[in-house]
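1. Sequence first, predicted coordinates after that:
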Amino acid sequence: MAKKNNDKAKHTIRNSQSEIQNSSLVAVIMGSQSDWDTMKHAGETLEKFGVAHECRVISAHRSPSLASEFGSTAEASGLEVIIAAAGGAAHLAGVMAAHTTLPVLGVPMRSEALNGLDSLLSTVQMPGGIPVATLAIGKPGAVNAALFAVAILANSRPELRKKLHEFREAQEAKIRATKL
Ligand code: AIR
């Protein structure tokens, strides 16, 4: 993807410091800037694993041609996974999946009206033939989408597999060390 010059909080963040490679392997896209507070956790998790990624706002409804353009060119741009987050009538992940055969991980955003149940159902209930892997609502989903993306990339990258094992070991060690 072409590097964007937009302000971090507004549209695009490009992690060019990656240990893995400089062009983005994972795109973290979201329906609105208001999703960033939640989705920044996906970006931070990818950062921890040193995975090159880009974060940007794309709305399936408010910017439909951008959504279609992004999905259609994702494979050719070198991306390997798309994380798509949206709230309410959350169709972004489904629209991405309609345009690409890359794995699309959907993250339902917590919504004001229905607390994210609307987002969850809109994201998860895809028709057979066009899959979206849907994660939990909100922050846990954002973190897990990033970990899932790392797991996908790790299939062909032993250094990432090793980091995932270390992450799990550290997580368990923390639990074992917890004294109440
Ligand atoms: N949204 C934006 N375009 C399509 C959808 N579904 C979602 C955003 C956000 C919610 O609408 O993903 O979760 C509210 O957006 P805003 O911009 O009104 O705060």
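-> Thanks, I have it.
2. Show me the beta-bridge partners of the residue lying closest to residue 123 once chain neighbours are set aside.
-> Closest residue in space to residue 123, ignoring its immediate chain neighbours: residue 106 at 4.0 Å, by C-beta to C-beta, 6 or more residues apart in numbering. C-beta: built from backbone N, CA, C; applies to glycine. Applying DSSP bridges to residue 106 gives these bridge partners: residue 84, residue 134.
3. how close does residue 106 get to residue 177?
-> Distance of residue 106 to residue 177, given as C-beta to C-beta, to the nearest Å: 34 Å.
4. Compare those two (neighbour count), which wins?
-> Taking other C-beta atoms under 10 Å, residue 106 and residue 177 do not tie; residue 106 has more neighbours (29 against 7).
5. Does that one touch residue 136 like I think?
-> No. Counting by C-beta atoms under 8 Å, no contact exists between residue 106 and residue 136, whose distance comes to 10.6 Å.
6. helices and strands around the helix ranked longest in the chain, which ones?
-> In the chain, with assignment by DSSP state H, the single longest helix is helix 158-177. Using 3 or more C-beta pairs under 8 Å, 6 or more residues apart in numbering; DSSP states H and E as the contact criterion, the elements in contact with helix 158-177 are helix 139-154.
7. Shouldn't residue 131 be within a helix?
-> No. Residue 131 sits outside any helix when classified using DSSP: H, G, I helix; E, B strand; the rest coil, being coil.
8. Please give me every residue in contact with the nearest residue to it once chain neighbours are set aside.
-> Ranked by C-beta to C-beta, 6+ apart and with sequence neighbours excluded, the top spatial neighbour of residue 131 is residue 97, at 6.4 Å. Going by C-beta atoms under 8 Å, 6 or more residues apart in numbering, residue 97 touches 71, 104, 126, 130, 131, 132.
9. make it 7 Å
-> Residue 97 makes contact with 104, 126, 130, 131, 132 under the criterion C-beta atoms under 7 Å, 6 or more residues apart in numbering.
10. So the third one is in contact with residue 99, correct?
-> In this case it means residue 130. No. Judged on C-beta atoms under 7 Å, residue 130 makes no contact with residue 99 at a distance of 9.8 Å.
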